[in-house]
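Enquirer: Sharing a model that was predicted from the sequence below.
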Amino acid sequence: VAGLGNYMLRGTRHSVGMAVLDRLARQLAVAEGWRVDRQCCADVAVAAARGLELVLLKPRRFMNLNGLSVASAAKIYNLRPGDIYLVHDDLDKALGKVTIKLGGSARGHNGVRSCISALYSNEMTRLRVGIGRP
């Protein structure tokens, strides 16, 4: 599960993917388990949920380079694009509205575009979190 955003602009609507991962880590009782993984240039926490091992990832790169971190983590943890969930902001959705999208285009989102490019696939599931238009 990758929370897309601009690492240096945490706390902004554009980096809501990282905020969702922080919340998920608290829910899964691994909030204290974040560590910097230099191989994939990201903060990583590992959690168990319903018999599955989850890798939580917050890239430490600009949004348009998040895919490099996601692809590196996929290689390290032996994940296929279909195993990956991207959590990201969506300007076209009302603030707080959440939808799930299976595959498809980036729809103009630079972080998703970066992931599609780095993974050579658009098969990732996306959790789109509405941030509305400013």
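Expert: Received, thanks.
Enquirer: right, and the helix or strand after the one helix or strand V16 maps to?
Expert: Using DSSP states H and E, V16 falls within helix 16-27. Next helix or strand after helix 16-27 toward the C-terminus (DSSP H and E): strand 35-37.
Enquirer: Okay, buried residues for that next one please.
Expert: D37 (16 or more other C-beta atoms under 10 Å). For glycine as for every other residue, the C-beta is placed from the backbone atoms N, C-alpha and C.
Enquirer: can you check stretch 11-19 too?
Expert: Under 16+ other C-beta under 10 Å, the buried positions of stretch 11-19 are R13, H14, S15, V16, G17, M18, A19.
Enquirer: Give me the contact list for it.
Expert: For stretch 11-19, contacts defined as C-beta atoms under 8 Å, 6 or more residues apart in numbering pick out 2-7, 9-10, 58, 63, 86-89, 111, 129, 131-132, 134.
Enquirer: Kindly check the end-to-end length of stretch 58-68 for me.
Expert: Start and end residues of stretch 58-68 are separated by 12 Å (C-alpha to C-alpha, to the nearest Å).
Enquirer: Could you turn the buried ones of the contacts of stretch 11-19 into a PyMOL selection?
Expert: Applying 16+ other C-beta under 10 Å to the contacts of stretch 11-19, the buried members can be selected in PyMOL as follows:
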select buried, resi 2+3+4+5+6+7+58+63+86+87+88+89+111+129+131
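Enquirer: And the strands in the chain?
Expert: Here the chain has its strands, by DSSP state E, at 2-3, 35-37, 42-49, 52-59, 85-90, 98-102, 125-130.
Enquirer: For L79, find the nearest of the ones you listed.
Expert: With distances scored as C-beta to C-beta, the stretch of the strands of the chain nearest to L79 is strand 52-59 (7.5 Å).
Enquirer: Next, the angle from that closest one to strand 85-90.
Expert: 40 degrees (axes from the mean of the first three to the mean of the last three C-alpha atoms, to 10 degrees).
Enquirer: Tell me the gap between strand 52-59 and the middle of its chain.
Expert: Centre-to-centre, strand 52-59 and its host chain are 9 Å apart (C-alpha atoms, centre = their mean, to the nearest Å).
Enquirer: I appreciate the help and will end here.
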